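> need a 3D model of the sequence below.
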Amino acid sequence: MARWDSCNILQAGPDASRVWQFNKNFSLNREQATRAGEPLPSNLVGKSWSTLWQKKLNVAWLPPEHVFIRAAQFPPSTPAETRPMVELQLEKLSPIPVTQAVWSIHVLPQSAGGLQTVVVIIAERGMVEEFLGKLEGLGFMADRLELPMLDQLQATASTGDGAWIYPEAAGGKNSALVAWWYGGALQSVGLISLAAGENRVASLNDQLTHMAWAGELEGWLTSPPSWHLVADPAIAGEWESPLREGLGTSVKIIAPLSGTELAARTAKRAAESDGNANLLPPEFARRYQQQFVDRLWMRGLGAVLGVYLVCCLIYFVAVQVLSYRTTNVEETVANLGVTYTNALQLKARYGVLLDRQALKFAALDCWEAVAEKIPSGVTLDSMNFDGGKRLLLYGNASASLVNEVIDFSGNVRKATTAQNQQLFTRGGDQLTTKVNNNTVQWSFGLELKKGEAD
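Residues are numbered from 1 along each chain as shown. Okay, here's the model as predicted:
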């Protein structure tokens, strides 16, 4: 299972750029083509916060014209042990100074004679740095640099001993990569070119013959090779006839992998390979990682600042809305002030009228009660309302009518209205009498049960 959730394979050509995106099961998710120099879609190749939990691997195919491939045999060992062994032989294998080169290795599953086959990929550092600068201009930060020819080599079914020719695999229109398989292992890799003019057949024959002689000297070319041409029909038409004439034998034509199939194999190999076996210079990998972290910090701070500004905007809008509402309420209150004052005055006047009406009927009820209850011979001198709540009665009678006056006081206290409601409370001033000769002066006070109308 891949360690990545998605893998992008980029082929940056002179006329157009092409990106294949694969999921963690190496199934094609998306394919995107853009014109040369046009930035790639950031949502396809860019990395964001989601990359922290959904890993994304960006792989770019190096232009093959400046990449050198060598095949060598080494004792079987772990990848960590194989790399130092190759490094010791790098001066011998590299066509350019080691200090000016970046290199990587790929161990083939085939082995022969107790040795493992290691493909060494060597590229000039200046070319790699220039290529990475071009990718940065497209918005593509590569995690790995790969050579698709490795996957084409592994995909070819090498049955028996022979040579497999891959036209244009080295990046040149009239060049081809030749892979020599003998004893079930890749013994050598070399380049040939298809010359123009009448001597193209002889030139091909000379180049392939020299490669065969080198194989005989090294001891792995033990029998005449069978010849295979791995090319699509259009390219095979240009190469088949010169090869057949120059070699004097038949050439078997094999269909190569399509771009999508080759990209899928590269994605699987890159996702499962050792991170140290990579043509990407370490300083570029560290710089890309630091830029990614810095970009996340800046985006995080930008998001926080954006949220803060939105909150401030919402706050100020809310303050303005509330201020507008408050102003409207204040204006409404100011406009209703006169009306409210007039309403209070009318309410007060209405209350006074109600009180007057209540007192008027209360006075009539009191007068009626007194008139009905007062006994004959008892004189009422005055009847006063005290605050509209107390009824004060004053009068006189002969001394012989004292009991009638007492009964009169009690009967008045029990008086009721026409609605059969009690007119007076049980409180009030008690009856007082003052005898002077044969006349008694009496007075008492009554508390109205309802001094004011409701």
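> tell me the contacts of residue 104?
120, 121, 277, 278, 279 (C-beta atoms under 8 Å, 6 or more residues apart in numbering). All C-beta atoms are positioned from the backbone trio N, CA, C, and that covers glycine.
> C-terminal to the lengthiest helix in the chain, what's the next element?
Looking across the chain with DSSP state H, the single longest helix is helix 282-373. Moving toward the C-terminus from helix 282-373, the next helix or strand (DSSP states H and E) is strand 379-386.
> so what does that following strand touch, helix or strand wise?
Packing partners of strand 379-386 (3 or more C-beta pairs under 8 Å, 6 or more residues apart in numbering; DSSP states H and E): helix 282-373, strand 390-398.
> buried set for the shortest one?
Read that as strand 390-398. By 16 or more other C-beta atoms under 10 Å, the buried positions in strand 390-398 come out as 390, 391, 393, 395, 396, 397.
> reformat those as JSON lines; add pLDDT.
Output for the buried residues of strand 390-398, formatted as JSON lines (pLDDT from 0 to 100):
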{"residue": "390", "pLDDT": "82"}
{"residue": "391", "pLDDT": "83"}
{"residue": "393", "pLDDT": "84"}
{"residue": "395", "pLDDT": "89"}
{"residue": "396", "pLDDT": "88"}
{"residue": "397", "pLDDT": "86"}
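> what's the closest of those to residue 332?
residue 390 (46.1 Å; C-beta to C-beta).
> other SSEs contacting whatever helix or strand residue 150 lives in?
Element membership for residue 150 (DSSP H and E) is helix 148-155. Helices and strands touching helix 148-155, by 3+ C-beta pairs under 8 Å, 6+ apart, are strand 101-112, strand 115-124, helix 259-272.
> next SSE downstream of it?
Next element after helix 148-155 (DSSP H and E): strand 162-167.
> just confirm residue 229 is within a strand.
Yes - according to DSSP: H, G, I helix; E, B strand; the rest coil, residue 229 belongs to a strand.
> was I right about it contacting residue 251?
Yes - taking contacts as C-beta atoms under 8 Å, residue 229 lies within contact range of residue 251: 5.1 Å.
> overlap in contacts, the two.
Counting by C-beta under 8 Å, 6+ apart, the residues touching both residue 229 and residue 251 are 240, 243.
> look up phi and psi at residue 257.
Main-chain torsions, residue 257, degrees, to the nearest 10: phi -70, psi 150.
> setting the sequence-adjacent residues aside, check what's closest to it.
residue 155 (5.4 Å; C-beta to C-beta, 6 or more residues apart in numbering).
> can you pull the contacts of that neighbour?
Contacts of residue 155 were listed using C-beta under 8 Å, 6+ apart, and they are 257, 261, 262, 265.
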